[in-house]
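>>> got a sequence here, can you build the structure:
(one chain, ligands or ions: 1)
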Amino acid sequence: MSLRLAGLTVHYGPVAAVSEVDLSIADGEVVALLGPSGCGKSTLLRTVAGLERPAAGTVSWDGADLAGTPVHRRGFGLVFQDGQLFPHRDVAGNVAFGLRMRRVDRRARDRRVAELLELVGLSGYADRRVTELSGGEQQRVALARALAPHPRLLLLDEPLSALDRALREQLALDLARLLREAGATALVVTHDHDEAFTLADRVAVMRAGRIVQVGEPSRVWRHPADVDTARFLGCGRVLAPDEADRLVGVHARVGLRATALRVDPAGPIGAEVLARVHRRDHVRLLVRLGGDDFEAVAPVAEPPSPGDHVTLAVDHDGVAVIG
Ligand SMILES: Nc1ncnc2c1ncn2[C@@H]1O[C@H](COP(=O)(O)OP(=O)(O)OP(=O)(O)O)[C@@H](O)[C@H]1O
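Residues are numbered from 1 along each chain as shown. Prediction:
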């Protein structure tokens, strides 16, 4: 059982929102579609769902072209950014919706609803009005509703982006666990790389309508396919091979994340601190070394001040080899 996109191209009038996308998702696999705003992620997801019609290419399941299969016959579950729950139904009524559509009998329906509410951590919420739930709870209900009819593929469009940051991080972990426990095959759209890397078995990076790289999260993180992908994945500086060799001891074009250079009293690289900003668990610095500006990090306890001279060590976890 698997989804396959081949040469998929989608136009809005003269604009190609998606261009010649090839992508397969295996049974039980979670793939994240990651890219900046406007790159075509949602359009691609909507086309898989059957909500947009491709100008060229195919969406197929187990080798069968879905072109003539309408949205509700594809057997896919959908979750959008804002849940889109039915406000006049209670939690159980929302979760049971797809089961009722499929004429699942009452007892089996109740059993499945209880099972799903347990899975998403909302046992005891069956009779609650969905309008009285928090944003995070609403998204859990939306997920339970999508999973209830055993969809063969789950399509999630920015499922966590309407939530505040702390909740998003927690729910991303919960969602990763839920998808594994449910054995779901899923395509998740996100513009947040932390979220993509938390959720996915493979990440597909999209830019300007095309998929520019597909791979396991750690591989994509360490080896972005090109400079734009490296920058999108948090590399503030890109160094040519000679420069990289001198600074971090790697003879290749590399991208440096802020964490690549750390303040270390025993470090070999001298630098002057230009500015500092406090973050939750570290301090971000702007430093000057060899006439150039770089980002660096320092521990929260006793961080250096602007004007201080410090020494830095290289942390290779923050160094990405491009290409
Ligand atoms: N209904 C539409 N009609 C015309 N153009 C559209 C329509 N929907 C999207 N577009 C355009 O298609 C391109 C891709 O949009 P899409 O929403 O797929 O991107 P996205 O990566 O999901 O962005 P975001 O993260 O901001 O939602 C954009 O240039 C957008 O302006």
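
>>> for the rest of this, base every contact and every neighbour count on C-alpha atoms.
OK.

>>> hmm, Pro149 is touching Met101, no?
No - in terms of CA atoms under 8 Å, Pro149 does not count as a neighbour of Met101; the distance is 9.5 Å.

>>> out of the two, which sits in the busier spot?
Pro149 (23 against 9; other CA atoms under 10 Å).

>>> gap between the worst-scoring helix or strand of the chain on mean pLDDT and the chain center?
The helix or strand of the chain with the poorest confidence is helix 165-181; it has a mean of 86 (mean pLDDT, DSSP states H and E). Taking CA atoms, centre = their mean, to the nearest Å, the mean C-alpha location of helix 165-181 is offset from the chain mean by 11 Å.

>>> okay, stretch 93-107 in CSV with CA atoms only?
Provided in CSV are the C-alpha atoms of stretch 93-107 (Å, rounded to 0.1, in the frame of the first residue of the first chain):
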residue,chain,number,x,y,z
GLY,A,93,-20.1,13.6,17.6
ASN,A,94,-17.1,15.1,15.8
VAL,A,95,-14.9,12.0,16.2
ALA,A,96,-17.8,9.7,15.1
PHE,A,97,-18.6,11.8,12.0
GLY,A,98,-16.7,9.7,9.4
LEU,A,99,-18.0,6.5,11.0
ARG,A,100,-21.6,7.7,10.8
MET,A,101,-21.0,8.6,7.1
ARG,A,102,-19.9,5.0,6.6
ARG,A,103,-22.9,3.7,8.5
VAL,A,104,-20.9,2.0,11.2
ASP,A,105,-23.3,0.7,13.8
ARG,A,106,-23.8,2.6,17.0
ARG,A,107,-21.9,0.1,19.3
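
>>> before we move on, the earlier item: now the least confident helix or strand of the chain: buried residues?
Arg168, Glu169, Leu171, Ala172, Asp174, Leu175, Ala176, Arg177, Leu178, Leu179 (16 or more other CA atoms under 10 Å).

>>> from the residues you listed, pick the one nearest Arg231.
The shortest approach to Arg231 among the buried residues of helix 165-181 belongs to Glu169, at 22.1 Å (CA to CA).

>>> wait, that closest one touches Glu195, no?
Yes - counting by CA under 8 Å, Glu195 is a contact partner of Glu169 at 7.5 Å.

>>> where exactly do the helices run in the chain?
Ranges of helices in the chain, per DSSP state H, are 41-49, 91-95, 97-101, 106-119, 135-147, 165-181, 193-199, 217-222, 227-232, 241-248.

>>> to Pro14, which of those helices lies closest?
Of all these, helix 41-49 comes closest under CA to CA, at 14.8 Å.

>>> elements contacting the closest one?
Where contact means 3 or more CA pairs under 8 Å, 6 or more residues apart in numbering; DSSP states H and E, helix 41-49 is packed against strand 3-12, strand 15-25, strand 153-157, strand 186-190.

>>> that helix near the ligand at all?
Yes - residues of helix 41-49 contacting the ligand under CA under 6 Å from any ligand atom: Lys41, Ser42, Thr43.

>>> if I look at Glu243, how far off is Val79?
Between Glu243 and Val79 the computed distance is 46 Å (CA to CA, to the nearest Å).

>>> these two: which has the busier surroundings?
Neighbours were counted for Glu243 and for Val79 using other CA under 10 Å; Val79 has more, 24 against 16.

>>> ok, that one touching Leu155?
Yes - contact criterion CA under 8 Å: Val79 and Leu155 qualify, at 6.3 Å.

>>> list residues touching both of those two?
When CA atoms under 8 Å, 6 or more residues apart in numbering defines a contact, no residue borders Val79 and Leu155 alike.

>>> am I right that Ala258 is in contact with Glu295?
Yes - assessed by CA under 8 Å, Ala258 is found in contact with Glu295 at 4.9 Å.
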